[in-house]
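In: Provide a 3D model corresponding to the input given below.
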Amino acid sequence: MLTMRQEEHEAAITAFIRSNGITRCPTACVLPTQVSIAPSDRAALTTYAAARGRLQQQKIAARERLFAGFNVPVGRGE
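Out: Residues are numbered from 1 along each chain as shown. This is a model prediction of the structure:
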């Protein structure tokens with residue numbers, strides 16, 4: 001089994017974070033933890049959740065408009 005030296009491991013993680021634009025651990029912002037979350041991260045999560053909720057409502061409304069003209073039978077033709 002091949003192993004990395006500590007410096008190689010840290011360099012690989014740093015390169016991954018730099019190339020993927022990760023600035024903070026998403027798990028720490030979403031799940032309850034024993035650690036206090038910075039107010040800026042809490043505000044960012046609130047903003048994200050609100051934007052995601054608006055997008056979901058827009059998708060639902062668009063779907064309703066798309067199917068508004070169709071008369072869908074409820075039963076099986078009984």
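In: C-alpha only now, for contacts and for neighbours.
Out: Will do.
In: which residue ranges of the chain form helices?
Out: With helices called from DSSP state H, the chain shows them at 6-20, 26-30, 39-67.
In: ranking the ones you listed by mean pLDDT, which is last?
Out: Mean pLDDT per stretch puts helix 26-30 lowest among these, at a mean of 57.
In: that older thread, using JSON lines, lay out the helices of the chain together with mean neighbour count.
Out: Listed next are these as JSON lines, based on neighbours: other Cα atoms under 10 Å:
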{"stretch": "helix 6-20", "mean neighbour count": "11"}
{"stretch": "helix 26-30", "mean neighbour count": "13"}
{"stretch": "helix 39-67", "mean neighbour count": "12"}
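In: how far away is Thr3 from His9?
Out: Relative to His9, Thr3 is positioned 9 Å away (Cα to Cα, to the nearest Å).
In: try Pro39
Out: 31 Å.
In: cool, and Gln57?
Out: Taken as Cα to Cα, the span from Gln57 to His9 is 43 Å.
In: before we move on, what about Gly21?
Out: For Gly21, the distance to His9 - Cα to Cα - is 18 Å.
In: now Ile60
Out: Separation of Ile60 from His9 (Cα to Cα) stands at 45 Å.
In: what does Asn20 give?
Out: 17 Å.
In: now swap in Leu66 and tell me
Out: 51 Å.
In: then Gly69?
Out: Gly69 is 58 Å from His9, by Cα to Cα.
In: ditto for Ala61
Out: Ala61 is 47 Å from His9, by Cα to Cα.
In: what does Glu64 give?
Out: Where His9 is concerned, Glu64 sits at a distance of 50 Å (Cα to Cα).
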